[in-house]
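In: Compute the structure for the input listed below.
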Amino acid sequence: MRRRQLCIAVCYCLCAGTILASGATRKAGLWELTTTITWQKSPSMTGAGGIPARGETRTTQVCLTQEMIDKYGALLPQSRGQCTIANKVMKPGGMTADWVCTGTMRGKGALESTWSDLEHATGRVHFVGTVLVGSERKPIEWTNESVSVFKSSDCGSVRPPPLPGVAVDAGQVPLTK
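Out: Predicted structure coming up:
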């Protein structure tokens, strides 16, 4: 009986420690995000209409809120309300999730974020699906790798991006047509 109680107490402490460790993942505020996208399968219009060319690197300022840290522990790709997070797994020093999109871009991506301390992080999304080009769906596959560095606790004029939804059952989401 005592052994069972001890096991339960140890498991409880380990779970609480993991939850606390994941809560202290990053600092809220302004982050500099440098991303590089590589297209494995691209629509014919890369480099035009806002779709980056192969291997293009972009640096932007992003406001990471405490709500984002609490909910996801990570900076997430833009979704414009058409993508959700499913199968999120938080662990000390990182998180993984599925990035499920059902709008103009449809498909599923493997999302991961790792952080070595409160002010530095790396991220990766590998996405496979389709994108609507005119009235036709074209296959896409891309990998986005990012490095983020904390700059300030004040976001200034940089607005935080909207939070994506959380998929209730990713198995019921239509991924491609």
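
In: Give me the sheet partners of whichever strand or helix holds Trp142 and which way each runs.
Out: For Trp142, the host element (DSSP states H and E) is strand 136-152. Strand 136-152 has the following strand partners under DSSP bridges: strand 29-41 (antiparallel), strand 120-133 (antiparallel).

In: pLDDT averaged over the first one, what's the number?
Out: Averaging pLDDT along strand 29-41 yields 93.

In: How far off centre is it?
Out: 11 Å (Cα atoms, centre = their mean, to the nearest Å).

In: Enumerate the positions of the helix or strand following it that are buried.
Out: Under the assignment DSSP H and E, the closest C-terminal helix or strand after strand 29-41 is strand 57-64. Within strand 57-64, the residues that qualify as buried are 62-64, counting by 16 or more other Cβ atoms under 10 Å. Using the backbone N, CA and C atoms, a C-beta is placed for each residue, glycine as well.

In: Nearest residue to the residue nearest the centre of the chain in space, please, no chain neighbours.
Out: Centroid-nearest residue in the chain, with Cα atoms, centre = their mean: Leu76, separated by 3.3 Å. With Cβ to Cβ, 6 or more residues apart in numbering as the criterion, Leu76 has its nearest non-adjacent residue at 6.0 Å, and that residue is Pro164.

In: Spit out the contact partners of that neighbour.
Out: Taking Cβ atoms under 8 Å, 6 or more residues apart in numbering as the criterion, Pro164 is in contact with 76, 79, 81, 83-85.

In: of all those residues, which comes closest to Ser42?
Out: Nearest to Ser42 among the contacts of Pro164 is Cys83, at 18.5 Å by Cβ to Cβ.

In: give the contact list for the nearest residue to Lys151 once chain neighbours are set aside.
Out: Using Cβ to Cβ, 6+ apart and skipping the chain neighbours, the partner closest in space to Lys151 is Leu30 (4.5 Å). For Leu30, the contacting residues are 61-64, 150-156, 158, by Cβ under 8 Å, 6+ apart.

In: Then His120?
Out: Contacts of His120 (Cβ under 8 Å, 6+ apart): 147-150.

In: Could you measure from Leu132 over to Lys138?
Out: 8 Å (Cβ to Cβ, to the nearest Å).

In: just how off-centre is stretch 113-129 within its chain?
Out: The answer for stretch 113-129 is 7 Å, by Cα atoms, centre = their mean.

In: I appreciate the help and will end here.
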